[in-house]
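*Asks:* Generate a structure from the sequence data that follows.
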Amino acid sequence: MKLLLLTLVFASGITCKRVTVFVCDSKYAKKYHYRDDCRGLKNCKHKIIEISLDSARSTNKTLCKWEYNQ
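*Replies:* Residues are numbered from 1 along each chain as shown. Just a heads-up that it's a prediction; the model follows:
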């Protein structure tokens, strides 16, 4: 049964969408942002980079407070 399900998933072309977020490329950055023009990134003096949401969470980054108000 599992093999049949896996075969159907691969045959149908279903893929997992990778969610990416934006962070300031500083060792002191603590927040991630869904948009690269988020108000919370305004003071970033370093490069703004795009990383996976899983990667941001694994480094203990949390969602920017401005994202809640959008």
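
*Asks:* Only C-alpha atoms from now on, for both contacts and neighbour counts.
*Replies:* OK.

*Asks:* where do the helices sit along this protein?
*Replies:* Ranges of helices in the chain, per DSSP state H, are 2-12, 53-58, 65-68.

*Asks:* Now do the strands in this protein.
*Replies:* With strands called from DSSP state E, the chain shows them at 20-24, 31-32, 48-52, 62-63.

*Asks:* Do me a favour and average the pLDDT over the first one.
*Replies:* Strand 20-24 shows a mean pLDDT of 97 in the predicted model.

*Asks:* How far off centre is that strand?
*Replies:* 6 Å (Cα atoms, centre = their mean, to the nearest Å).

*Asks:* what's the most buried one of the strands of the chain?
*Replies:* Stretch with highest mean neighbour count among the strands of the chain: strand 31-32 (a mean of 24; mean count of other Cα atoms under 10 Å).

*Asks:* now what about that one, what contacts it?
*Replies:* 21-23, 56, 61-64 (Cα atoms under 8 Å, 6 or more residues apart in numbering).

*Asks:* residue contacts, residue 38?
*Replies:* Residue 38 neighbours (Cα under 8 Å, 6+ apart): 66-67.

*Asks:* same thing with residue 41?
*Replies:* 23-24, 33, 48.

*Asks:* Which two among those are spaced furthest apart?
*Replies:* Farthest-apart pair in the contacts of residue 41 is 33 and 48; separation 10.2 Å (Cα to Cα).
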